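Novice: how would this look folded up:
(one chain, ligands or ions: 2)
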Amino acid sequence: MVVVMEERASEAQIEQVVSRLVEMGMDVHRSTGVTRTVLGAVGQGHPDPALIELLDGVHEVLRISEPYKLASRTFKPDNTVITVGDVRIGGDEVIVMAGPCSAESEKQVRTTAAAVRRAGAKIFRGGAFKPRSSPYSFQGLGEEGLRLLRDACNAENLQLVSEVMDASQIDVINKYSDIFQVGARNMQNFTLLRELGHVRKPVLLKRGISATIEEWLLSAEYVLSGGNTDVILCERGIRTFETATRNTLDIAAIPIVQKLSHLPVIVDPSHAMGRRDKVAPVARAAVAAGADGLLIEVHCDPDHALSDGAQSMFPSQFDRLMAELRIIAPAIGRSICLEPVARRGWGA
Ligand code: PEP
Ligand code: MN
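Specialist: Ligands and ions are numbered 1, 2, ... in the order given. Just a heads-up that it's a prediction; the model follows:
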(Lines give C-alpha, C1' and ligand atoms only; values in the text may rest on other atoms or scores of the structure.)
(Ligands and ions follow the chains in the order given, each with its own letter.)
Protein backbone atom coordinates (compact mmCIF):
# COMPACT_ATOMS: atom_id res chain seq x y z
CA MET A 1 0.00 0.00 0.00
CA VAL A 2 1.23 3.49 -0.86
CA VAL A 3 0.09 6.43 1.29
CA VAL A 4 0.49 9.87 -0.28
CA MET A 5 0.44 12.61 2.36
CA GLU A 6 -0.98 16.10 1.75
CA GLU A 7 1.47 18.84 0.80
CA ARG A 8 0.97 20.57 4.12
CA ALA A 9 0.94 17.43 6.28
CA SER A 10 2.76 18.03 9.56
CA GLU A 11 5.48 15.79 10.94
CA ALA A 12 3.09 14.71 13.74
CA GLN A 13 0.46 13.64 11.19
CA ILE A 14 3.04 11.66 9.19
CA GLU A 15 4.23 9.95 12.36
CA GLN A 16 0.68 9.08 13.33
CA VAL A 17 0.10 7.36 9.96
CA VAL A 18 3.41 5.49 10.27
CA SER A 19 2.57 4.25 13.75
CA ARG A 20 -0.96 3.11 12.72
CA LEU A 21 0.53 1.15 9.79
CA VAL A 22 3.15 -0.45 12.06
CA GLU A 23 0.40 -1.36 14.54
CA MET A 24 -1.42 -3.05 11.62
CA GLY A 25 1.60 -5.28 10.98
CA MET A 26 3.28 -3.32 8.16
CA ASP A 27 6.88 -2.19 7.55
CA VAL A 28 6.89 1.42 6.42
CA HIS A 29 9.36 3.01 4.00
CA ARG A 30 9.28 6.77 4.02
CA SER A 31 10.25 8.93 1.08
CA THR A 32 10.27 12.68 1.45
CA GLY A 33 9.99 14.67 -1.77
CA VAL A 34 10.14 18.41 -2.35
CA THR A 35 6.43 18.90 -1.79
CA ARG A 36 5.06 15.65 -0.33
CA THR A 37 5.90 12.65 1.77
CA VAL A 38 5.01 9.23 0.40
CA LEU A 39 4.83 6.14 2.65
CA GLY A 40 5.26 2.67 1.21
CA ALA A 41 3.77 -0.04 3.48
CA VAL A 42 4.61 -3.72 2.95
CA GLY A 43 4.08 -6.74 5.18
CA GLN A 44 1.69 -9.40 6.37
CA GLY A 45 -0.93 -6.99 7.74
CA HIS A 46 -4.14 -6.25 5.83
CA PRO A 47 -4.78 -2.58 6.59
CA ASP A 48 -8.16 -1.31 5.46
CA PRO A 49 -7.31 1.56 3.04
CA ALA A 50 -10.42 3.46 4.19
CA LEU A 51 -9.14 3.56 7.78
CA ILE A 52 -5.83 5.05 6.64
CA GLU A 53 -7.57 7.53 4.33
CA LEU A 54 -9.46 8.91 7.34
CA LEU A 55 -6.28 9.90 9.17
CA ASP A 56 -5.38 13.61 9.26
CA GLY A 57 -2.92 14.72 6.59
CA VAL A 58 -3.55 11.79 4.22
CA HIS A 59 -4.14 12.78 0.58
CA GLU A 60 -4.57 9.36 -1.09
CA VAL A 61 -4.12 5.65 -0.42
CA LEU A 62 -3.23 3.31 -3.28
CA ARG A 63 -3.41 -0.46 -3.00
CA ILE A 64 -0.58 -2.24 -4.79
CA SER A 65 -1.44 -5.90 -4.20
CA GLU A 66 -4.68 -7.83 -4.66
CA PRO A 67 -6.78 -8.64 -1.56
CA TYR A 68 -6.88 -12.30 -2.64
CA LYS A 69 -3.67 -14.31 -2.46
CA LEU A 70 -4.09 -17.99 -3.38
CA ALA A 71 -6.21 -17.09 -6.43
CA SER A 72 -3.70 -14.59 -7.75
CA ARG A 73 -1.13 -15.05 -10.48
CA THR A 74 1.42 -13.36 -8.28
CA PHE A 75 1.11 -16.30 -5.88
CA LYS A 76 1.08 -18.94 -8.65
CA PRO A 77 2.40 -17.77 -12.05
CA ASP A 78 1.56 -20.98 -13.95
CA ASN A 79 -1.96 -21.82 -15.11
CA THR A 80 -3.85 -24.27 -12.92
CA VAL A 81 -4.92 -27.34 -14.87
CA ILE A 82 -7.74 -29.30 -13.24
CA THR A 83 -8.10 -32.99 -13.97
CA VAL A 84 -11.55 -34.58 -13.85
CA GLY A 85 -11.37 -38.22 -14.95
CA ASP A 86 -9.65 -38.07 -18.34
CA VAL A 87 -10.54 -34.40 -18.90
CA ARG A 88 -8.10 -31.54 -18.29
CA ILE A 89 -9.58 -28.09 -17.74
CA GLY A 90 -7.24 -25.11 -18.12
CA GLY A 91 -4.79 -26.79 -20.51
CA ASP A 92 -4.55 -26.33 -24.29
CA GLU A 93 -7.87 -27.98 -24.98
CA VAL A 94 -11.11 -25.98 -24.88
CA ILE A 95 -13.50 -28.12 -22.83
CA VAL A 96 -17.19 -28.01 -23.60
CA MET A 97 -19.70 -28.84 -20.88
CA ALA A 98 -23.27 -29.22 -22.09
CA GLY A 99 -26.61 -30.60 -21.05
CA PRO A 100 -30.03 -29.58 -19.83
CA CYS A 101 -30.70 -26.92 -17.23
CA SER A 102 -32.39 -29.58 -15.07
CA ALA A 103 -32.68 -33.35 -15.00
CA GLU A 104 -36.36 -34.05 -15.74
CA SER A 105 -36.74 -37.71 -16.73
CA GLU A 106 -34.62 -40.72 -17.65
CA LYS A 107 -35.42 -40.35 -21.33
CA GLN A 108 -34.64 -36.63 -21.40
CA VAL A 109 -31.34 -37.06 -19.56
CA ARG A 110 -30.19 -40.08 -21.60
CA THR A 111 -31.16 -38.63 -24.98
CA THR A 112 -29.51 -35.28 -24.26
CA ALA A 113 -26.35 -36.86 -22.84
CA ALA A 114 -25.96 -39.05 -25.94
CA ALA A 115 -26.47 -36.04 -28.22
CA VAL A 116 -23.94 -33.75 -26.51
CA ARG A 117 -21.40 -36.54 -26.24
CA ARG A 118 -21.75 -37.30 -29.92
CA ALA A 119 -21.18 -33.64 -30.73
CA GLY A 120 -17.96 -33.53 -28.70
CA ALA A 121 -18.86 -32.36 -25.17
CA LYS A 122 -16.65 -33.91 -22.48
CA ILE A 123 -18.66 -32.91 -19.44
CA PHE A 124 -22.41 -33.24 -18.92
CA ARG A 125 -24.27 -30.51 -17.06
CA GLY A 126 -27.59 -30.88 -15.32
CA GLY A 127 -29.19 -29.59 -12.16
CA ALA A 128 -31.01 -31.70 -9.60
CA PHE A 129 -31.30 -28.91 -7.03
CA LYS A 130 -32.46 -25.80 -8.85
CA PRO A 131 -32.20 -22.20 -7.61
CA ARG A 132 -35.37 -20.80 -9.21
CA SER A 133 -36.38 -17.16 -8.91
CA SER A 134 -39.93 -18.25 -8.08
CA PRO A 135 -40.75 -20.81 -5.38
CA TYR A 136 -43.58 -22.02 -7.64
CA SER A 137 -41.25 -23.02 -10.50
CA PHE A 138 -39.83 -26.55 -10.94
CA GLN A 139 -37.28 -27.03 -8.17
CA GLY A 140 -35.46 -30.10 -9.51
CA LEU A 141 -35.72 -33.86 -8.89
CA GLY A 142 -33.21 -33.92 -6.01
CA GLU A 143 -31.33 -37.19 -5.48
CA GLU A 144 -33.39 -39.01 -8.11
CA GLY A 145 -32.18 -36.42 -10.65
CA LEU A 146 -28.57 -36.96 -9.59
CA ARG A 147 -28.96 -40.70 -10.09
CA LEU A 148 -30.32 -40.18 -13.62
CA LEU A 149 -27.48 -37.80 -14.46
CA ARG A 150 -24.84 -40.19 -13.11
CA ASP A 151 -26.23 -43.16 -15.01
CA ALA A 152 -26.23 -41.17 -18.25
CA CYS A 153 -22.63 -40.05 -17.67
CA ASN A 154 -21.53 -43.60 -17.00
CA ALA A 155 -23.22 -44.78 -20.19
CA GLU A 156 -21.71 -42.02 -22.32
CA ASN A 157 -18.28 -41.68 -20.68
CA LEU A 158 -18.97 -38.10 -19.60
CA GLN A 159 -17.98 -36.30 -16.41
CA LEU A 160 -20.80 -34.61 -14.49
CA VAL A 161 -21.18 -31.06 -13.16
CA SER A 162 -24.22 -30.39 -10.98
CA GLU A 163 -25.24 -27.50 -8.78
CA VAL A 164 -25.03 -27.38 -5.00
CA MET A 165 -27.26 -24.74 -3.40
CA ASP A 166 -26.62 -25.41 0.24
CA ALA A 167 -23.94 -27.00 2.41
CA SER A 168 -26.46 -29.63 3.53
CA GLN A 169 -26.54 -31.00 -0.08
CA ILE A 170 -22.77 -31.55 -0.36
CA ASP A 171 -22.77 -35.17 0.81
CA VAL A 172 -25.49 -36.36 -1.55
CA ILE A 173 -24.11 -34.46 -4.56
CA ASN A 174 -20.63 -35.78 -3.78
CA LYS A 175 -21.95 -39.32 -4.29
CA TYR A 176 -22.96 -38.63 -7.92
CA SER A 177 -21.23 -35.55 -9.35
CA ASP A 178 -17.62 -35.03 -10.44
CA ILE A 179 -17.74 -31.23 -10.14
CA PHE A 180 -19.75 -29.04 -7.76
CA GLN A 181 -21.35 -26.05 -9.47
CA VAL A 182 -21.92 -22.97 -7.33
CA GLY A 183 -24.56 -20.83 -9.02
CA ALA A 184 -24.53 -17.08 -9.53
CA ARG A 185 -26.98 -16.59 -6.67
CA ASN A 186 -24.68 -18.39 -4.27
CA MET A 187 -21.35 -16.82 -5.22
CA GLN A 188 -21.28 -15.05 -1.89
CA ASN A 189 -22.72 -17.86 0.21
CA PHE A 190 -19.57 -17.90 2.29
CA THR A 191 -20.67 -20.79 4.51
CA LEU A 192 -21.14 -22.96 1.41
CA LEU A 193 -17.82 -21.82 -0.09
CA ARG A 194 -15.97 -22.64 3.12
CA GLU A 195 -17.49 -26.13 3.19
CA LEU A 196 -16.49 -26.68 -0.45
CA GLY A 197 -12.94 -25.85 0.59
CA HIS A 198 -12.94 -29.23 2.34
CA VAL A 199 -14.24 -31.40 -0.50
CA ARG A 200 -11.86 -33.25 -2.81
CA LYS A 201 -13.64 -32.42 -6.05
CA PRO A 202 -13.43 -29.36 -8.29
CA VAL A 203 -15.77 -26.42 -7.79
CA LEU A 204 -17.20 -24.51 -10.76
CA LEU A 205 -17.80 -21.03 -9.37
CA LYS A 206 -20.16 -18.84 -11.34
CA ARG A 207 -19.81 -15.09 -11.20
CA GLY A 208 -22.57 -13.43 -9.16
CA ILE A 209 -25.17 -11.38 -11.00
CA SER A 210 -23.74 -8.10 -9.71
CA ALA A 211 -20.29 -9.21 -8.60
CA THR A 212 -17.10 -7.40 -9.56
CA ILE A 213 -14.18 -9.50 -10.76
CA GLU A 214 -12.45 -8.80 -7.45
CA GLU A 215 -15.43 -10.07 -5.45
CA TRP A 216 -15.57 -13.17 -7.66
CA LEU A 217 -11.89 -13.92 -7.05
CA LEU A 218 -12.36 -13.34 -3.32
CA SER A 219 -15.12 -15.95 -3.38
CA ALA A 220 -12.71 -18.36 -5.11
CA GLU A 221 -10.26 -17.54 -2.31
CA TYR A 222 -12.77 -18.90 0.24
CA VAL A 223 -12.65 -22.31 -1.46
CA LEU A 224 -8.88 -22.25 -2.04
CA SER A 225 -8.11 -21.20 1.51
CA GLY A 226 -10.05 -24.22 2.79
CA GLY A 227 -7.55 -26.46 0.98
CA ASN A 228 -9.40 -27.20 -2.27
CA THR A 229 -7.12 -25.97 -5.06
CA ASP A 230 -9.46 -26.89 -7.94
CA VAL A 231 -11.67 -23.93 -8.73
CA ILE A 232 -13.02 -23.23 -12.23
CA LEU A 233 -14.34 -19.70 -12.73
CA CYS A 234 -17.44 -19.28 -14.91
CA GLU A 235 -18.55 -15.97 -16.43
CA ARG A 236 -22.32 -16.19 -17.05
CA GLY A 237 -23.33 -12.59 -17.63
CA ILE A 238 -23.96 -9.82 -15.17
CA ARG A 239 -26.95 -7.55 -14.62
CA THR A 240 -26.64 -4.16 -16.30
CA PHE A 241 -29.06 -1.49 -17.56
CA GLU A 242 -29.45 -3.47 -20.82
CA THR A 243 -32.66 -5.49 -21.11
CA ALA A 244 -32.25 -6.93 -24.63
CA THR A 245 -30.51 -10.00 -23.25
CA ARG A 246 -31.20 -11.91 -20.03
CA ASN A 247 -27.81 -10.73 -18.70
CA THR A 248 -24.84 -8.91 -20.21
CA LEU A 249 -21.97 -11.25 -21.05
CA ASP A 250 -18.73 -9.70 -19.86
CA ILE A 251 -16.34 -11.08 -22.49
CA ALA A 252 -13.70 -8.67 -21.18
CA ALA A 253 -13.65 -10.63 -17.92
CA ILE A 254 -11.86 -13.50 -19.69
CA PRO A 255 -8.52 -11.78 -20.39
CA ILE A 256 -8.79 -9.73 -17.20
CA VAL A 257 -9.23 -12.81 -15.01
CA GLN A 258 -6.49 -14.64 -16.91
CA LYS A 259 -4.09 -11.84 -16.05
CA LEU A 260 -5.11 -11.64 -12.40
CA SER A 261 -5.48 -15.36 -11.69
CA HIS A 262 -4.05 -18.75 -12.61
CA LEU A 263 -7.47 -20.44 -12.35
CA PRO A 264 -9.25 -21.70 -15.50
CA VAL A 265 -12.05 -19.46 -16.72
CA ILE A 266 -14.99 -20.73 -18.75
CA VAL A 267 -18.09 -19.01 -20.14
CA ASP A 268 -21.79 -19.85 -19.91
CA PRO A 269 -23.39 -18.10 -22.91
CA SER A 270 -26.83 -19.66 -22.24
CA HIS A 271 -27.63 -17.82 -19.00
CA ALA A 272 -26.04 -14.67 -20.42
CA MET A 273 -28.24 -14.51 -23.52
CA GLY A 274 -31.47 -16.19 -22.38
CA ARG A 275 -32.38 -17.11 -26.00
CA ARG A 276 -31.10 -20.12 -27.88
CA ASP A 277 -30.76 -18.30 -31.21
CA LYS A 278 -28.23 -15.90 -29.67
CA VAL A 279 -26.09 -18.44 -27.83
CA ALA A 280 -23.78 -19.56 -30.66
CA PRO A 281 -22.37 -16.12 -31.62
CA VAL A 282 -21.25 -15.34 -28.07
CA ALA A 283 -20.01 -18.89 -27.50
CA ARG A 284 -17.78 -18.43 -30.55
CA ALA A 285 -16.64 -15.04 -29.23
CA ALA A 286 -15.82 -16.51 -25.82
CA VAL A 287 -13.56 -19.16 -27.36
CA ALA A 288 -11.93 -16.56 -29.59
CA ALA A 289 -11.32 -14.40 -26.50
CA GLY A 290 -9.45 -17.27 -24.83
CA ALA A 291 -11.99 -19.00 -22.57
CA ASP A 292 -10.79 -22.39 -21.31
CA GLY A 293 -14.22 -23.88 -21.87
CA LEU A 294 -17.94 -23.37 -22.27
CA LEU A 295 -21.00 -24.39 -20.25
CA ILE A 296 -24.00 -24.64 -22.56
CA GLU A 297 -27.62 -25.62 -22.03
CA VAL A 298 -28.81 -28.24 -24.55
CA HIS A 299 -32.12 -30.10 -24.33
CA CYS A 300 -33.52 -32.89 -26.51
CA ASP A 301 -36.91 -31.11 -26.54
CA PRO A 302 -36.26 -27.55 -25.33
CA ASP A 303 -39.75 -26.28 -26.12
CA HIS A 304 -41.07 -28.57 -23.38
CA ALA A 305 -38.21 -28.13 -20.88
CA LEU A 306 -39.19 -27.63 -17.23
CA SER A 307 -36.57 -24.87 -16.82
CA ASP A 308 -34.70 -22.51 -19.14
CA GLY A 309 -36.20 -23.96 -22.32
CA ALA A 310 -35.92 -20.73 -24.33
CA GLN A 311 -32.15 -20.60 -23.90
CA SER A 312 -31.55 -24.34 -24.34
CA MET A 313 -30.17 -25.31 -27.75
CA PHE A 314 -31.53 -28.09 -29.90
CA PRO A 315 -28.92 -30.84 -30.32
CA SER A 316 -28.63 -29.90 -34.02
CA GLN A 317 -27.73 -26.28 -33.10
CA PHE A 318 -25.16 -27.56 -30.64
CA ASP A 319 -23.65 -29.83 -33.31
CA ARG A 320 -23.25 -26.87 -35.63
CA LEU A 321 -21.68 -24.76 -32.90
CA MET A 322 -19.15 -27.50 -32.12
CA ALA A 323 -18.20 -27.63 -35.80
CA GLU A 324 -17.62 -23.86 -35.76
CA LEU A 325 -15.54 -24.08 -32.60
CA ARG A 326 -13.34 -26.67 -34.33
CA ILE A 327 -12.36 -23.89 -36.71
CA ILE A 328 -11.98 -21.12 -34.12
CA ALA A 329 -10.00 -22.95 -31.42
CA PRO A 330 -6.99 -23.92 -33.60
CA ALA A 331 -6.90 -20.37 -35.01
CA ILE A 332 -5.90 -19.13 -31.56
CA GLY A 333 -3.59 -22.03 -30.76
CA ARG A 334 -6.07 -24.14 -28.79
CA SER A 335 -7.31 -27.65 -29.40
CA ILE A 336 -10.86 -28.93 -29.04
CA CYS A 337 -12.45 -32.39 -29.27
CA LEU A 338 -11.68 -33.07 -32.92
CA GLU A 339 -14.44 -35.21 -34.27
CA PRO A 340 -17.97 -35.95 -33.25
CA VAL A 341 -17.85 -39.19 -31.26
CA ALA A 342 -19.59 -42.35 -32.41
CA ARG A 343 -22.80 -42.97 -30.49
CA ARG A 344 -22.93 -45.74 -27.96
CA GLY A 345 -25.06 -46.77 -25.00
CA TRP A 346 -28.67 -45.58 -24.74
CA GLY A 347 -30.73 -46.33 -27.81
CA ALA A 348 -27.66 -47.03 -29.94
C1 PEP B 1 -27.76 -23.04 -14.15
O2 PEP B 1 -26.61 -23.28 -14.53
O3 PEP B 1 -28.77 -23.68 -14.53
C4 PEP B 1 -27.98 -21.83 -13.31
C5 PEP B 1 -29.01 -21.75 -12.49
O6 PEP B 1 -27.07 -20.89 -13.54
P7 PEP B 1 -26.79 -19.44 -12.85
O8 PEP B 1 -26.41 -19.73 -11.44
O9 PEP B 1 -25.68 -18.88 -13.69
O10 PEP B 1 -28.06 -18.64 -12.98
MN1 MN C 1 -30.43 -22.93 -16.29
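Novice: Assign the closest residue to Gln139 other than its chain neighbours to helix, strand or coil.
Specialist: Nearest residue to Gln139, sequence neighbours excluded (Cβ to Cβ, 6 or more residues apart in numbering): Lys130, at 5.4 Å. Placement of C-beta: from N, CA and C, glycine included. Assigned by DSSP: H, G, I helix; E, B strand; the rest coil, the conformation of Lys130 is coil.
Novice: I'd guessed Lys130 sits against Gln169; true?
Specialist: No: the pair Lys130 and Gln169 fails to qualify as a contact (Cβ atoms under 8 Å) at a distance of 11.5 Å.
Novice: check contacts around the closest residue to ligand 2 within the stretch 101-250 of the chain.
Specialist: Across the stretch 101-250 of the chain, the shortest distance to ligand 2 (Cβ to the ion) belongs to Cys101, at 3.3 Å. Neighbour list for Cys101: Gly126, Gly127, Lys130, Glu297, His299, Ala305, Ser307, Asp308, Gly309, Gln311, Ser312 [criterion: Cβ atoms under 8 Å, 6 or more residues apart in numbering].
Novice: OK, contacts around the second one?
Specialist: Each residue near Gly127 by Cβ under 8 Å, 6+ apart is listed here: Cys101, Ser102, Ala103, Gly140, Gly145, Ser162, Glu163, Gln181, Ser307.
Novice: hey, what's it bridged with?
Specialist: For Gly127, the beta-bridge partners are Ser102 (DSSP bridges).
Novice: what sits against Ile179?
Specialist: Here Ile179 is in contact with Val84, Ile123, Gln159, Leu160, Val161, Ser162, Lys201, Pro202, Val203, Leu204, Ile232 (criterion: Cβ under 8 Å, 6+ apart).
Novice: Mind doing that once more with 10 Å?
Specialist: 82, 84, 87, 89, 97, 123, 125, 159-163, 173, 201-204, 230, 232 (Cβ atoms under 10 Å, 6 or more residues apart in numbering).
Novice: Same check on Ser65?
Specialist: Ser65 touches Met1, Val42, His46, Ser72, Thr74, counting by Cβ under 10 Å, 6+ apart.
Novice: Assign the closest residue to the first one other than its chain neighbours to helix, strand or coil.
Specialist: The shortest distance from Met1 to any residue that is not its chain neighbour, by Cβ to Cβ, 6+ apart, is 4.6 Å, and that residue is Ala41. Secondary structure for Ala41, judged by three-state DSSP, is strand.
Novice: What's opposite Ala41 in the beta bridge?
Specialist: Under the criterion used (DSSP bridges), Ala41 bridges to Val28.
Novice: Quick check: Arg125 touching Ile95?
Specialist: No: counting by Cβ atoms under 10 Å, Arg125 does not reach Ile95; the two are 11.7 Å apart.
Novice: So for the two, which residue has more residues nearby?
Specialist: Arg125 (28 against 25; other Cβ atoms under 10 Å).
Novice: from the contacts of Gly127, which would you call buried?
Specialist: Among the contacts of Gly127, those classed as buried by neighbour count (16 or more other Cβ atoms under 10 Å) are Cys101, Ser102, Ala103, Gly140, Gly145, Ser162, Glu163, Gln181, Ser307.
Novice: which of the residues you listed lies closest to ligand 1?
Specialist: Ranked by distance to ligand 1 (Cβ to the nearest ligand atom), the buried ones among the contacts of Gly127 are led by Cys101 at 4.6 Å.
Novice: With adjacent residues omitted, what lies nearest to the closest one?
Specialist: Once flanking residues are discounted, Cys101 sits nearest to Asp308: 3.7 Å by Cβ to Cβ, 6+ apart.
Novice: cool, and Lys278?
Specialist: Lys278's closest residue in space is Thr245 (Cβ to Cβ, 6+ apart), at 6.9 Å.
Novice: surely that neighbour meets Gly237?
Specialist: Yes: if you go by Cβ under 10 Å, Thr245 and Gly237 touch, sitting 7.3 Å apart.
Novice: hey, what's in contact with both of the two?
Specialist: Ala272, Met273, Gly274, Val282.
Novice: can I get those in TSV with neighbour count, secondary structure and pLDDT?
Specialist: Compiled in TSV, the shared contacts of Thr245 and Gly237 are given as follows (neighbours: other Cβ atoms under 10 Å; DSSP: H, G, I helix; E, B strand; the rest coil; pLDDT from 0 to 100):
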residue	neighbour count	secondary structure	pLDDT
Ala272	24	helix	98
Met273	24	helix	98
Gly274	16	coil	98
Val282	21	helix	98
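Novice: can I get those in a markdown table with distance to ligand 1?
Specialist: Putting these into a markdown table (distance: Cβ to the nearest ligand atom, whole Å) gives the following:
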| residue | distance to ligand 1 |
| --- | --- |
| Ala272 | 9 |
| Met273 | 12 |
| Gly274 | 10 |
| Val282 | 14 |
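Novice: Pick out whichever of Thr245 and Gly237 has more residues nearby.
Specialist: Gly237 (25 against 15).
Novice: From what I see, the more buried one and Met273 are in contact.
Specialist: Yes: Gly237 lies in contact with Met273 (Cβ under 10 Å); the separation is 7.6 Å.
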